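Student: structure for the following, please:
(2 chains)
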There are 2 protein chains.
Amino acid sequence: MLQQFRVNQDDATIVQESDLRNSIAPIFEKMGVPADDARVATDVLVLADLRGVDTHGVSNMLRSYVTGYQNGQINPRPDWKIVRESPSTATIDSDRGLGTIITPKAMEIAIDKAKNVGVGMVTVGNARHLGMASYHSMLALEHDMIGVCMTSCPPSVVPTYGAEPRLGTNPIAFAVPAKNEPPFVFDAATSSVAGNKIGIARRLGSKLEPGWLADEDGNPIMEEIDPPDKYTLLPLGSTRELGSHKGYGLACMVDILAGVLTGMGYGAFPGRPNFGHYVAAYSIDAFTEVDAFKETMDEWLLMMKNTKPAPGHDRVLVAGQPEAEMEAVRRVEGIPLHNDVVQYIRDLCSELSLPCSF
Amino acid sequence: MLQQFRVNQDDATIVQESDLRNSIAPIFEKMGVPADDARVATDVLVLADLRGVDTHGVSNMLRSYVTGYQNGQINPRPDWKIVRESPSTATIDSDRGLGTIITPKAMEIAIDKAKNVGVGMVTVGNARHLGMASYHSMLALEHDMIGVCMTSCPPSVVPTYGAEPRLGTNPIAFAVPAKNEPPFVFDAATSSVAGNKIGIARRLGSKLEPGWLADEDGNPIMEEIDPPDKYTLLPLGSTRELGSHKGYGLACMVDILAGVLTGMGYGAFPGRPNFGHYVAAYSIDAFTEVDAFKETMDEWLLMMKNTKPAPGHDRVLVAGQPEAEMEAVRRVEGIPLHNDVVQYIRDLCSELSLPCSF
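Tutor: This next block holds a predicted model:
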């Protein structure tokens, strides 16, 4: 994440992880969510904040989840069920349950199937937002499995050469265990920039980079700009010449796996507030020796980190490394939240007659 | 593919598909490849040419395959075997067999497993180049399955902020059947540009776009240039600001699945001429009703194609559409090959005492 998207220290309040958990979980319970589910929903948000994925922590997501419960778009006690199943696959109708809560259950099913037959793959339709996608993929790690998570989001991204949004930001998350090194954890939107970064930039008064947005007519904006009122997002690659057909194609892949393959719609249909999800677990033991694999991953991760840097750069990072470093710091020092966000949570707690721990 | 990478009509000879097949298959047989395998290797090359994927047709690949057989780097009669297996997975040691020949066999195994348990996933180590990755993913289509293919290539791509190549161009191919529309077929390198395009640009005297290459020190080259002598490729996204960490992360994902997960190395180790492959087949029937899925895919594909275009563009394309259109033309009109390539094949046939059909 680019430095400009970190909250400025002067505008921030440091909140300890445990205080945040203790304040957030009761909010979900007040929304009618069972206690165990509220704990999971809280864990997804707080882990995003701990890992520095501020786009998907409490700052950006809590308000929309609360609003969704309050206006009935999210079902706090969904009667989710498996509607189709095979030894390695399942399809779930989530009954409008929050994705942050249902997706870990889907991943548990995928992991069980992978234990039995090598691979487990589960799609979730009729669903709602799942938070930080890597949360779900990382659930596979402790089982010595590779975890995958994708989510088909409502349209905000134009196809290459297109003037109308047809695809969501459709992220791909992919987690792989290592031996002594932090795991490889990739989690990225297939758009040029995560949708939530535009809102964060507006709140922080930051400029946007060239290549992130298209204007109202679909023209890629290739200069630095202030966040505009009307825009669509560009696929990863920004322009055809830079490879936007690849970002567009990857977004399509996610829309098919996490959307069409559920049998319950896709990004553009029925559209917001609907989402579709896809999780998979691959048992490493089904392919090769687990210990040797994890040792090779250590060697591979160190090779990436030890790459000679280009001029002007201190070091080369590998996916999951900055997040693991940030998590180590924030578990001790706490999480910096923008004062507006802190005030929102305090007001919400007060409105719901709940204590706030900070 | 950008227009500039098409061979100029004045420099081209039109060769009919059947003539090309009849001339190429005996070359493989002369290399010691059994007749059935030679037929498959030819089919992979010719289908690339028919679909307009000139980077992976006879023009770019035949010479390197012939050289590999002649210098012993590719084994014409590999004793390939499954070294580990589960109901949904297998790992193959390809014994240095050409990937264009072994990967279809791996995909056949994946398809059989998907028929039995819903998903089949096969890695192939100790391998050689597999040609156009989408060829293998498309083998799933006639079984009403989604096909996936990835290949871990020798290093040519720098990590974000890096000055040394650590990853290959590591393509991802993904094929999905539809009902009346041509299938969705995505096939793209995770680098900003396919490696072979630099060679084609040099042959055609074309300029390279900004954002494709890094200079010797690892600095992204962000202006239009002639193909330089020394360079590395940039990941999809080109620069950190435009999202190159995403292309880099996707290339890593491919290197792990098609490399580390084979237990027989990865892109940088042991390096050229080694490759690793990954194929998967997902039975649509294991997730949802096949007919309804294919009807939804038609609706979804038409939605993409009917997107209002941005100014200056006639239409919005979807992955697999330009290739299907090109294939329809070239099956009738023949394949334009650069005269240098035609001469190379004629000379090679003469050297091997084989007839050339054109």
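
Student: helices or strands next to the worst-scoring helix or strand of chain A on mean pLDDT in the packing?
Tutor: Counting by mean pLDDT, DSSP states H and E, chain A has its least confident helix or strand at helix A:196-204, which shows a mean of 82. If you count contacts as 3 or more C-beta pairs under 8 Å, 6 or more residues apart in numbering or on different chains; DSSP states H and E, helix A:196-204 packs onto helix A:58-70. Yep, even glycine has a C-beta here, placed from its N, CA and C like the rest.

Student: name the element A:Y282 belongs to?
Tutor: A:Y282 is part of strand A:275-283, with elements assigned from DSSP states H and E.

Student: is any residue of that strand near chain B?
Tutor: Yes: for strand A:275-283, a contact with chain B is found by C-beta under 8 Å from any C-beta of the partner chain, at A:Y282, A:S283.

Student: what packs against the helix or strand just after that strand?
Tutor: Going down the chain from strand A:275-283, the next helix or strand is helix A:290-305, by DSSP H and E. Applying 3+ C-beta pairs under 8 Å, 6+ apart, one finds that helix A:290-305 makes contact with helix B:244-258.

Student: how distant is the helix it packs on from the center of its chain?
Tutor: Distance, stretch centre to chain centre, for helix B:244-258: 16 Å (C-alpha atoms, centre = their mean, to the nearest Å).

Student: now it against helix A:244-258, angle please.
Tutor: Our comparison of helix B:244-258 with helix A:244-258, counting by axes from the mean of the first three to the mean of the last three C-alpha atoms, to 10 degrees, yields an angle of 60 degrees.

Student: could you check the angle strand B:275-283 makes with helix B:244-258?
Tutor: Here helix B:244-258 runs at 90 degrees with respect to strand B:275-283, directions being taken by the same axes, to 10 degrees.

Student: counting contacts, what elements does helix B:244-258 pack onto?
Tutor: Helices and strands touching helix B:244-258, by 3+ C-beta pairs under 8 Å, 6+ apart, are strand A:172-176, strand A:184-188, helix A:290-305, strand B:119-127, strand B:145-152, strand B:275-283.

Student: centroid residue for chain A?
Tutor: For chain A, the residue lying nearest the average C-alpha position, counting by C-alpha atoms, centre = their mean, turns out to be A:M132 (2.4 Å).

Student: hang on, the earlier thing: residues in contact with the least confident helix or strand of chain A?
Tutor: Helix A:196-204 has contacts (C-beta atoms under 8 Å, 6 or more residues apart in numbering or on different chains) with A:4-5, A:7-8, A:54-56, A:59-60, A:206-208, A:212-213, A:227, A:231, A:233, A:338, A:340.

Student: direction included, what does the strand holding A:Y282 pair against?
Tutor: Sheet pairing for strand A:275-283, assigned by DSSP bridges, gives strand A:119-127 (antiparallel), strand A:145-152 (antiparallel).

Student: picking that back up, tell me how far the very next helix or strand once past the least confident helix or strand of chain A lies from the chain's centre.
Tutor: Of the helices and strands lying after helix A:196-204 in sequence (DSSP H and E), the nearest is strand A:213-214. In terms of C-alpha atoms, centre = their mean, the centre of strand A:213-214 is found 21 Å from the chain centre.

Student: packing partners of strand A:213-214?
Tutor: Packed against strand A:213-214 by the contact rule (3+ C-beta pairs under 8 Å, 6+ apart) you find strand A:232-233.

Student: any idea how far the closest residue to A:R6 other than its chain neighbours is from A:K197?
Tutor: Nearest residue to A:R6, sequence neighbours excluded (C-beta to C-beta, 6 or more residues apart in numbering or on different chains): A:D54, at 7.3 Å. Distance of A:D54 to A:K197, computed by C-beta to C-beta, to the nearest Å: 9 Å.

Student: then A:P154?
Tutor: Spatial separation of A:P154 from A:K197 under the definition C-beta to C-beta is 17 Å.

Student: and those two? Which one has more around it.
Tutor: More crowded of A:P154 and A:K197, by other C-beta atoms under 10 Å in any protein chain shown: A:K197, with 25 against 20.

Student: could you check how far that one is from A:E108?
Tutor: Using C-beta to C-beta, A:K197 is found at 31 Å from A:E108.

Student: got it, and A:M31?
Tutor: Using C-beta to C-beta, which is the criterion applied here, A:M31 is 23 Å from A:E108.

Student: could you do A:F184 as well?
Tutor: In this structure, A:F184 and A:E108 are separated by 22 Å, where distance is defined by C-beta to C-beta.

Student: the two: which is more packed in?
Tutor: Of the pair A:F184 and A:E108, A:F184 is the one with more neighbours under other C-beta under 10 Å, namely 25 against 16.

Student: so what pLDDT did that one get?
Tutor: Note on A:F184: pLDDT of 98.

Student: quick one: it and A:M297, what's the gap?
Tutor: On the measure of C-beta to C-beta, A:F184 and A:M297 end up 7 Å apart.

Student: find residues that contact each of the two.
Tutor: Taking C-beta under 8 Å, 6+ apart as the contact rule, the neighbours common to A:F184 and A:M297 are A:V176, A:A178, B:I256.

Student: which ones are touching A:Q9?
Tutor: Residues in contact with A:Q9, defined by C-beta under 8 Å, 6+ apart, are A:P336.

Student: ramachandran coordinates for it?
Tutor: Backbone torsions of A:Q9, given as degrees, to the nearest 10, read phi -60, psi -40.

Student: tell me, how many neighbours does A:E17 end up with?
Tutor: Look at A:E17: counted by other C-beta under 10 Å, it has 18 neighbours.

Student: likewise for A:S192?
Tutor: Residues contacting A:S192 under the criterion other C-beta under 10 Å number 29.

Student: does it really touch A:L234, like I thought?
Tutor: Yes: counting by C-beta atoms under 8 Å, A:L234 is a contact partner of A:S192 at 4.6 Å.

Student: overlap in contacts, the two.
Tutor: When contacts are counted by C-beta under 8 Å, 6+ apart, A:S192 and A:L234 have A:G211, A:W212, A:S244, A:G247 as shared neighbours.

Student: ok, so of these, who is nearest chain B?
Tutor: Among the shared contacts of A:S192 and A:L234, A:G211 lies closest to chain B (C-beta to the nearest C-beta), at 4.7 Å.

Student: how about the closest one, nearest residue that isn't a chain neighbour?
Tutor: Leaving out its chain neighbours, A:G211 is closest to A:S238 (C-beta to C-beta, 6+ apart), at 3.5 Å.

Student: do A:N75 as well
Tutor: For A:N75, the nearest residue in space outside its immediate sequence neighbours is A:R96; the separation is 4.0 Å by C-beta to C-beta, 6+ apart.

Student: wait, what's in contact with the one you found?
Tutor: For A:R96, the contact set (C-beta under 8 Å, 6+ apart) comprises A:Q73, A:I74, A:N75, A:P78, A:N126, A:A127, A:R128.

Student: now these as TSV including pLDDT and neighbour count?
Tutor: Listed next are the contacts of A:R96 as TSV, based on pLDDT from 0 to 100; neighbours: other C-beta atoms under 10 Å in any protein chain shown:
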residue	pLDDT	neighbour count
A:Q73	98	14
A:I74	98	25
A:N75	98	20
A:P78	98	20
A:N126	98	23
A:A127	98	32
A:R128	98	26
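
Student: mind checking how far A:V329 is from A:D144?
Tutor: Noted for A:V329: a distance of 28 Å to A:D144, by C-beta to C-beta.

Student: report how many residues lie close to A:P210.
Tutor: The burial count for A:P210: 17, using other C-beta under 10 Å.

Student: so for the strand holding A:Y282, what's the average pLDDT?
Tutor: When the per-residue pLDDT values of strand A:275-283 are averaged, the result is 99.

Student: make sure A:R272 is actually in contact with A:P154.
Tutor: Yes: counting by C-beta under 8 Å, A:R272 touches A:P154, with 4.0 Å between them.

Student: for the stretch 201-350 of chain A, give me the ranges with low pLDDT.
Tutor: Across the stretch 201-350 of chain A, nothing is flagged by pLDDT under 70.

Student: how many other residues sit next to A:H338?
Tutor: 18.
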